[in-house]
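J.: What would the 3D arrangement of this be:
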Amino acid sequence: MSFFEENCPEMDRYLENHASAEPALLKKLRKETYQKTTQPHMISGYQQGRLLSILSKMMQPKNVLEIGTFTGYATLCLAEGLGKDGKITTLDVNEDLAYLPQKYFDESEFSSQIDFKIQDAKVFLKETEEIFDLVFIDADKENYVEYFKLIKPRLKSGSVVMFDNVLWYGKILEENPKLKSTQNIKELNDLVAQDEDFENLILPLRDGVNLMRKK
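T.: Sure thing, here's the model as predicted:
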């Protein structure tokens, strides 16, 4: 949920009404996510989905990595920009929910380009030798710092990385946060801002997206 959704729903509706329409399949997926999951707010949603789609189309990446599939909404948005020989690997650990994203992946025009794995992302990143053009991370916040450290060697100059929920409902403004998740998000934002190998900007979209480009 965004600050606008909580404090100014009229503005949020205005933003959605003045953005490109989401594909019919995504609209159907979004509806089913709210019907069948206990935490539907975890979905990337309309505005963020269009951001992911536009960035992917601008980059036309050949190799995309997503950490945190949930119901597959962001996956399909990122897939919109893939070239014919492009692919997206999406990782999650929730076996019970895997049927839902897989159903929509199979229905989509990108089904042959999506590699959906039920696997711990830390294990995957330690084992893979792949280089990624575009990375989107929306998973367990307690591991954000480790994900950043593990993903860095798997990037090339020009690669783009996005971490979601980096404003954490405003909790990042707490001086001495007690929650481990808040501590890790604050540490991540500090690490990225201080890392001379990246240029970055935190976008105040929904719950905040740390958008970074490797130099």
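J.: all contacts plus neighbour counts: C-alpha atoms, from now on.
T.: Fine.
J.: which residues of this structure score low on pLDDT?
T.: 1-7 (pLDDT under 70).
J.: try 80 this time
T.: By pLDDT under 80, the weakly predicted segments of the chain are 1-8.
J.: Run through the bridge partners of the residue most central in space within the chain.
T.: The residue lying closest to the centre of the chain (C-alpha atoms, centre = their mean) is Phe136, at 3.9 Å. When bridges are called by DSSP bridges, Phe136 pairs up with Glu66, Met162.
J.: can I assume it is in contact with Ser56?
T.: No: proximity of Phe136 to Ser56 does not meet the contact threshold set by C-alpha atoms under 8 Å, at 10.7 Å.
J.: For the residue lying closest to Glu129 once chain neighbours are set aside, which residues are in contact?
T.: Nearest residue to Glu129, sequence neighbours excluded (C-alpha to C-alpha, 6 or more residues apart in numbering): Arg154, at 7.2 Å. Shown in contact with Arg154 (C-alpha atoms under 8 Å, 6 or more residues apart in numbering): Glu129, Glu130, Ile131, Phe132.
J.: Next up, phi/psi of the last one, please.
T.: Taking degrees, to the nearest 10, you get phi -110, psi 140 for the backbone angles of Phe132.
J.: again with the first one
T.: The phi/psi pair for Glu129 (degrees, to the nearest 10) reads phi -120, psi 10.
J.: For it, give its distance to Lys156.
T.: 12 Å (C-alpha to C-alpha, to the nearest Å).
J.: And those two? Which one has more around it.
T.: Lys156 (15 against 10; other C-alpha atoms under 10 Å).
J.: Tell me the secondary structure of that one, please.
T.: strand (DSSP: H, G, I helix; E, B strand; the rest coil).
J.: Check the secondary structure at the residue nearest to Leu150 when sequence neighbours are not counted for me.
T.: In this structure, Leu150 finds its nearest non-sequential neighbour in Leu125, 6.2 Å apart by C-alpha to C-alpha, 6+ apart. Counting by three-state DSSP, the backbone at Leu125 sits in helix.
J.: right, and Leu125 touches Phe148 too?
T.: No: Leu125 is beyond contact range of Phe148, at 10.4 Å (criterion: C-alpha under 8 Å).
J.: Apart from its chain neighbours, what residue comes closest to Asn200?
T.: Distances taken as C-alpha to C-alpha, 6+ apart place Met212 nearest to Asn200, at 4.0 Å, with adjacent residues excluded.
J.: For my notes, confirm that neighbour occurs in a strand.
T.: Yes: membership of Met212 in a strand is supported by three-state DSSP.
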